[in-house]
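A.B. asks: Below are the sequence and a predicted model for it; my questions follow.
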Amino acid sequence: MSEQGNGPVSPETLVFDVQHLDLFYGKHQALKDINMQVKRNEITALIGPSGCGKSTLLKTLNRMNDWVSGCRVEGKILFEGKDIFKEVDPLALRYRVGMVFQQPSPFPKSIFDNVAYGPRVQGITNKAQLAEVVEKSLRQAAIWDELKDRLDKSALGLSGGQQQRLCIARTLAAQPSVILMDEPTSALDPISTQKIEDLALELKKDYTIVIVTHNMQQASRISDKTAFFYLGELVEMNDTETLFTNPSEPRTESYITGRFG
Amino acid sequence: MGDLAQKKAMDRFMSLLFTAGAAGSAILLFAFILDVVGQGLGALTSDILLSLRDMFFNTLYLVFLALVISALWGIPAGIYLAEYAQDGKLTNWVRMAVETLSSLPSIVVGLFGYLVFIVMTRSQWNLMAGALSVSILTLPLMVSVTENALKDLPPEYTLGSLGLGASKWQTIWNVLLPACLPRIMTGLILAAGRGFGEAAALMFTAGMSTDIDWGNWDLSSTTCPLNPFRPGETLALHVWVMRTEALSPDAAKIAGVTSAILMLVVVLFNVLARYISWRLEKKMEGTADE
């Protein structure tokens, strides 16, 4: 285990503090003694070959693993200082920590109803308030101009790239402070990918982003910190530039230079 | 070369066979409808038509009641199996019980309905007892349609909703069930078909007579059309009665007209329900408005 990027992180800027996290699916150990920190208003990229545990870790951050049968966790994850397994209600945690998935997956509802979904399940029913949140979220996701005249149309009629930006807007509307992205561009074409990347860079001003990606160029383009996972271990985490130009672990170097993956 | 020619000939032959199978099924239905409706219309008189009015209403009312009961009962059971049940012995038992239920002979269900809904409650023949018996027959269908529809949805619907902080119930009610609605509707159509055509399960439950006073809207009265606790012979049962027990010289003709009307009701209902289901689906896909 190598040292963290640049020294100790102050409590105010520390969003996630993962401490000695082990995760098991039945007898298989998917994560081994993970220790890492995520800082506010940064993009943290998780990279590594398939099955290395990066997606598993991402899903654990907002407890989306709760429904996976046989999934067991040991260790701690502190979110803003509180243990997410003991001190935070999982539903409340997911209000604060939103998630965007690999497959753009809008609900089979209108564009408006998709974006308004998060606020509605949190109990907001005021129409003016909902309309305001929907517009603000779509603007933040840079898709308002494309969609403003068809808010009542089904979201399933949009292109893949639009659907993914809609899903980001849907996540934003729930008013989280952290956005988890699980390979958000792997199902998209290069132009849509570019738009999502630009969006992520824009969003980090107001949000903290943790992104899992298979694409190392993507990690180096947009992230501030990069964590390399291999076989369930966090091999190395550092400032993105340092990790890619001067990795301290031979395994990291082999992976980023394409010797395995 | 010979091989190739043989291969192509076989290919053509099989395509033809499959087409014939499909066309044959469609032709069978149309021939059937034409024959039954043709015969019925041939014997049609206004007297006979008027005499069927009450059975017509009873049929619709009974199917409606049966659908409500089997939906309120079967859809939650399907949700349980799809979303809550853990894989294991208990779940397998529940699933097996539902499957067994679907192969119960309707005459047996009718007798069961007679014992439980008539004898044990000490009531006379009534529509509600008939609807309950029919809903036992349609329950397995509703359970499996709901379960399969939910299981075939993309997992991202569930994850997306839960990821936004929705509870499981909010996810089921706001996302999953609406997405399944077209398929649940299809299940209801099939269930309704069963209700329209059922006779054996109704013989000892809904009764083989009907007496409606269309001016009487006192729900507690046994001649009020909307009172579900009154005897209510349906069209299908009427066909059976006319063909077996009736003494009237016109019985065969009446049975023919009744069959024709029943057939038309079923066809119309199917077309209507499919149209609604199609509209729902189009609306979700976002192509309905063009």
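C.D. replies: Alright, I've got the coordinates. Residues are numbered from 1 along each chain as shown, chains lettered A, B, ... in the order given.

A.B. asks: Can you pull out the low-pLDDT segments for chain B?
C.D. replies: B:1, B:286-290 (pLDDT under 70).

A.B. asks: longest helix of it?
C.D. replies: The residue-count maximum for a helix in chain B (DSSP state H) belongs to helix B:2-42.

A.B. asks: Report the contact partners of the residue nearest to A:Glu12 when sequence neighbours are not counted.
C.D. replies: Spatial nearest neighbour of A:Glu12, excluding adjacent residues (Cβ to Cβ, 6 or more residues apart in numbering or on different chains): A:Arg40 at 7.6 Å. For glycine as for every other residue, the C-beta is placed from the backbone atoms N, C-alpha and C. If you count contacts by Cβ atoms under 8 Å, 6 or more residues apart in numbering or on different chains, A:Arg40 has them with A:Glu12, A:Thr13, A:Leu14, A:Val15, A:Thr208.

A.B. asks: buried subset of those residues?
C.D. replies: A:Leu14, A:Val15, A:Thr208 (16 or more other Cβ atoms under 10 Å in any protein chain shown).

A.B. asks: what sits up against the helix or strand that the longest helix of chain B is followed by?
C.D. replies: For helix B:2-42, the following helix or strand on the C-terminal side (DSSP states H and E) is helix B:46-51. Applying Cβ under 8 Å, 6+ apart, the set of residues contacting helix B:46-51 from outside is B:Asp250, B:Lys253, B:Ile254, B:Val257.

A.B. asks: sorry, back to before: helices or strands next to the longest helix of chain B in the packing?
C.D. replies: helix B:251-285 (3 or more Cβ pairs under 8 Å, 6 or more residues apart in numbering or on different chains; DSSP states H and E).

A.B. asks: between the helix it packs on and helix B:2-42, how many degrees?
C.D. replies: Orientation check (axes from the mean of the first three to the mean of the last three Cα atoms, to 10 degrees): helix B:251-285 against helix B:2-42 gives 120 degrees.

A.B. asks: who does helix B:251-285 touch, helix- and strand-wise?
C.D. replies: helix B:2-42, helix B:46-51, helix B:53-79, helix B:177-197, helix B:235-244.

A.B. asks: touching chain A at all, the fourth one?
C.D. replies: Pointing back at helix B:177-197 there. Yes - Helix B:177-197 reaches chain A (Cβ under 8 Å from any Cβ of the partner chain) through B:Pro178, B:Ala179.

A.B. asks: any idea how far the residue nearest to A:Glu12 lies from A:Glu80?
C.D. replies: Relative to A:Glu80, A:Arg40 is positioned 9 Å away (Cβ to Cβ, to the nearest Å).

A.B. asks: one step back: just the pLDDT for the residue nearest to A:Glu12.
C.D. replies: Note on A:Arg40: pLDDT of 94.

A.B. asks: From the contacts of A:Arg40, which land in strands?
C.D. replies: Counting by DSSP state E, these place A:Leu14, A:Val15, A:Thr208 in strands.

A.B. asks: Out of the residues you listed, which comes closest to chain B?
C.D. replies: Relative to chain B, the closest of the ones in strands among the contacts of A:Arg40 is A:Thr208; by Cβ to the nearest Cβ it sits at 16.1 Å.

A.B. asks: Quick check: the gap between the closest one and B:Leu17.
C.D. replies: 63 Å.

A.B. asks: Tell me the span between the first and last residue of stretch B:103-121.
C.D. replies: End-to-end span of stretch B:103-121 (Cα to Cα, to the nearest Å): 26 Å.

A.B. asks: In which helix or strand does whichever residue of the stretch 1-150 of chain B sits closest to chain A reside?
C.D. replies: For the stretch 1-150 of chain B, the residue closest to chain A is B:Gln86, as judged by Cβ to the nearest Cβ, at 7.1 Å. Counting by DSSP H and E, no helix or strand carries B:Gln86.

A.B. asks: quick one, phi psi at it?
C.D. replies: Dihedral pair for B:Gln86: phi -80, psi 150, per degrees, to the nearest 10.

A.B. asks: check which helix or strand covers the closest residue to it other than its chain neighbours.
C.D. replies: Sequence neighbours aside, A:Ser69 is the residue nearest to B:Gln86 in space, at 7.1 Å (criterion: Cβ to Cβ, 6+ apart). Assigned by DSSP H and E, A:Ser69 belongs to no helix or strand.

A.B. asks: since we're on A:Ser69, how many residues are nearby?
C.D. replies: 8 (other Cβ atoms under 10 Å in any protein chain shown).

A.B. asks: How about B:Ser144?
C.D. replies: 19.

A.B. asks: What residues sit buried inside stretch A:134-142?
C.D. replies: Quick answer for stretch A:134-142 (16+ other Cβ under 10 Å): A:Val134, A:Glu135, A:Lys136, A:Ser137, A:Leu138, A:Gln140, A:Ala141, A:Ala142.

A.B. asks: and it with chain B, contact?
C.D. replies: No - using Cβ under 8 Å from any Cβ, stretch A:134-142 never reaches chain B; the gap is at least 11.9 Å.

A.B. asks: How about the residues of the stretch 1-150 of chain A by chain B?
C.D. replies: Residues of the stretch 1-150 of chain A lying near chain B (Cβ under 8 Å from any Cβ): A:62, A:64, A:67, A:69, A:91-92, A:94-95, A:98-99, A:101, A:103, A:105-109, A:117-118, A:120-122.

A.B. asks: which among those residues end up buried?
C.D. replies: A:62, A:64, A:91, A:94-95, A:98-99, A:101, A:103, A:105-109, A:117-118, A:120-122.

A.B. asks: what helix or strand does the residue sitting nearest the centre point of chain A sit in?
C.D. replies: What sits nearest the mean C-alpha location of chain A, by Cα atoms, centre = their mean, is A:Leu180, with 1.5 Å. Here A:Leu180, judged by DSSP H and E, is contained in strand A:178-182.

A.B. asks: what's in contact with that strand?
C.D. replies: By Cβ under 8 Å, 6+ apart, strand A:178-182 touches A:15-16, A:38, A:55, A:58-59, A:61-62, A:79, A:96-102, A:168, A:171-172, A:200, A:203, A:207-212.

A.B. asks: among these, which are in helices?
C.D. replies: A:Ser55, A:Leu58, A:Lys59, A:Leu61, A:Arg96, A:Ile168, A:Thr171, A:Leu172, A:Ala200, A:Leu203.

A.B. asks: these two touch, right, the fourth one and A:Ile77?
C.D. replies: Yes - the criterion here is Cβ atoms under 8 Å, and A:Leu61 meets it with A:Ile77 at 6.6 Å.

A.B. asks: between the two, which one's more packed in?
C.D. replies: With neighbours defined as other Cβ under 10 Å, A:Leu61 and A:Ile77 compare such that A:Ile77 has more, 24 against 21.

A.B. asks: list residues touching both of A:Leu61 and A:Ile77?
C.D. replies: With Cβ under 8 Å, 6+ apart, A:Leu61 and A:Ile77 have common neighbours A:Phe16, A:Ile84.

A.B. asks: In the stretch 151-261 of chain A, where is pLDDT below threshold?
C.D. replies: For the stretch 151-261 of chain A (pLDDT under 70), the answer is A:260-261.

A.B. asks: what ranges do the strands span in it?
C.D. replies: Along the stretch 151-261 of chain A, counting by DSSP state E, counting those that start in this stretch, strands occupy A:178-182, A:208-212, A:225-230, A:233-239.

A.B. asks: Quick one: these as a markdown table, columns for distance to A:Ile34 too.
C.D. replies: Below are those laid out as a markdown table (distance: least, Cβ to Cβ, whole Å):
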| stretch | distance to A:Ile34 |
| --- | --- |
| strand A:178-182 | 15 |
| strand A:208-212 | 13 |
| strand A:225-230 | 8 |
| strand A:233-239 | 5 |
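
A.B. asks: Look at B:Ala97 and say how many residues are nearby.
C.D. replies: Neighbour tally, B:Ala97, other Cβ under 10 Å: 11.

A.B. asks: Double-check that it belongs to a helix.
C.D. replies: Yes - remark: B:Ala97 belongs to a helix, assigned using DSSP: H, G, I helix; E, B strand; the rest coil.
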